[in-house]
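Peer 1: Here is my input, please return the structure:
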Amino acid sequence: MRWSRTAPKLRDSGSAISGRIAQSLQVLARLAYSFFWLLVLIDFTTFHKARAQEAKGSRPPPTSFQTTVVQGSVAQYLMNPDGFVDGLLLSNNTVIRFPPHLGQVLTQTVSPQDVVRVEGFVESPGTLHASSIIDLQSQRSVVDNPPSPRHPHPPRPGSVPRQQLSANGTIRVLTHGKRGEINGLVLSDGTVVHFPPPVEMQFAGLLHEGNQFAATGYGTSNEYGRSFEATAIGPSMNQLETFALDSGPKPAPGTGPPLPPSYP
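Peer 2: Numbering: from 1, shown residues only. Model prediction:
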């Protein structure tokens with residue numbers, strides 16, 4: 001009899017516990033449901049932000065990294081102070097840069113007065129770094145490739161003996177570095193003059209195309225032209241101002257570097 005009286009109470013207590021568990025499960029289910037949709041909303045927002053960023057990132061790259069093609073007549077070779085050809089100057093004053101370790105190949109492929117087609121990227125205003133140069137008459141071409149045993153890198157700048165040179169004339173075109181800074185010029189007689197970028201600030205009034213210009217320094221004169229690194233510049237030979245080179249070994253006077261070996 002006692003057992004029969006107690007059993008209903010246990011059953012009633014079990015029912016209450018089951019009800020509380022069911023209510024808790026319902027609360028958890030609602031929380032899980034809300035959390036699920038919160039995750040969906042966050043994912044949706046992130047997705048659209050990513051698409052927006054992709055749309056911005058899909059814009060064309062800067063002009064300086066776009067392939068550019070120019071065509072023109074070769075006015076002269078460009079050369080570094082050690083006597084290695086490192087580019088071309090076209091008749092429209094476009095400066096074409098090319099690796100000096102391929103200078104000999106370039107001179108064997110292209111000559112002054114030839115019409116060339118150049119493909120590359122704009123390095124600075126008026127300057128194109130060439131990836132390939134083709135002579136439109138002979139259809140011979142030269143392509144920018146890294147140094148190799150066949151075409152080794154030229155000696156370190158300043159390590160080849162140089163001779164004292166001077167020049168006086170009209171500035172035909174200014175040359176620029178990769179950041180657009182003036183780092184040299186070409187005179188009307190074809191002489192290439194190099195100087196460190198800080199000179200631009202000191203001689204801002206002098207460095208303009210068409211101005212009279214004079215300079216002395218150390219470099220090379222050979223069959224490809226004249227090129228030297230200036231140690232003093234001014235509007236005339238009797239108005240030169242000396243400046244110190246920022247870096248690199250001092251140029252050693254000499255007869256100039258030997259010509260690069262020719263290749264078959």
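Peer 1: drop to CA atoms for contacts and neighbour counts, all remaining ones
Peer 2: Fine.
Peer 1: mean confidence score for the helix or strand in which Leu185 is found?
Peer 2: Secondary structure assignment for Leu185, by DSSP states H and E: strand 182-187. Predicted confidence along strand 182-187 averages 97 (mean pLDDT).
Peer 1: Pull up the pairing partners for that strand, direction included.
Peer 2: Here strand 182-187 is paired, per DSSP bridges, with strand 163-176 (antiparallel), strand 192-194 (antiparallel).
Peer 1: ok, residues contacting the longest one?
Peer 2: When contacts are defined by CA atoms under 8 Å, 6 or more residues apart in numbering, strand 163-176 is touched by residues 93, 95, 124-125, 127, 182-189, 191, 207-220, 228, 236-237, 252-256.
Peer 1: same question, stretch 186-205
Peer 2: For stretch 186-205, contacts defined as CA under 8 Å, 6+ apart pick out 76, 78-79, 81, 167, 169-175, 181-185, 207, 215, 225-231, 245-246.
Peer 1: Of those residues, select the buried ones using a ChimeraX command.
Peer 2: What follows is the ChimeraX syntax selecting those of these that are buried according to 16 or more other CA atoms under 10 Å:
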select :76,78,79,81,167,169,170,171,172,173,174,175,181,182,183,184,185,207,215,225,226,227,228,229,230,231,245
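Peer 1: Can you show me the helices along the stretch 101-250 of the chain?
Peer 2: 103-109, 199-202 (DSSP state H, counting those that start in this stretch).
Peer 1: so which of the strands paired with strand 182-187 comes closest to Leu102?
Peer 2: Leu102 lies closest, by CA to CA, to one member of those: strand 192-194, at 18.9 Å.
Peer 1: list the buried ones in the closest one?
Peer 2: Of the residues in strand 192-194, those buried by neighbour count under the rule 16+ other CA under 10 Å are Val192, Val193, His194.
Peer 1: Report the beta-bridge partners for the first one.
Peer 2: When you say that, I think you mean Val192. On the basis of DSSP bridges, Val192 is bridged to Val186, Ser227.
Peer 1: any idea how far Gln212 is from it?
Peer 2: 14 Å (CA to CA, to the nearest Å).
Peer 1: Any idea how many residues pack against the closest residue to Leu207 other than its chain neighbours?
Peer 2: Closest residue in space to Leu207, ignoring its immediate chain neighbours: Glu200 at 7.2 Å, by CA to CA, 6 or more residues apart in numbering. Residue neighbour count, defined by other CA atoms under 10 Å, stands at 16 for Glu200.
Peer 1: residue contacts, Leu240?
Peer 2: Ala214, Ala215, Ala232, Ile233, Gly234.
Peer 1: measure it to Ala75 for me?
Peer 2: Using CA to CA, Leu240 is found at 28 Å from Ala75.
Peer 1: do Pro125 as well
Peer 2: With CA to CA as the criterion, Pro125 and Ala75 are 19 Å apart.
Peer 1: Between those two, which is the more surrounded one?
Peer 2: Ala75 (19 against 16).
Peer 1: In a strand, that one, correct?
Peer 2: Yes: assessed with DSSP: H, G, I helix; E, B strand; the rest coil, Ala75 lies in a strand.
Peer 1: Buried residues, stretch 128-142. List them.
Peer 2: Buried positions in stretch 128-142, judged by neighbour count with 16+ other CA under 10 Å: Leu128, His129, Ala130, Ser131, Ser132, Ile133, Ile134, Asp135, Ser141, Val142.
Peer 1: Spatially nearest residue to the third one, not counting backbone neighbours?
Peer 2: In space, not counting the residues next to it along the chain, Ala130 is nearest to Gly120; the distance is 4.2 Å by CA to CA, 6+ apart.
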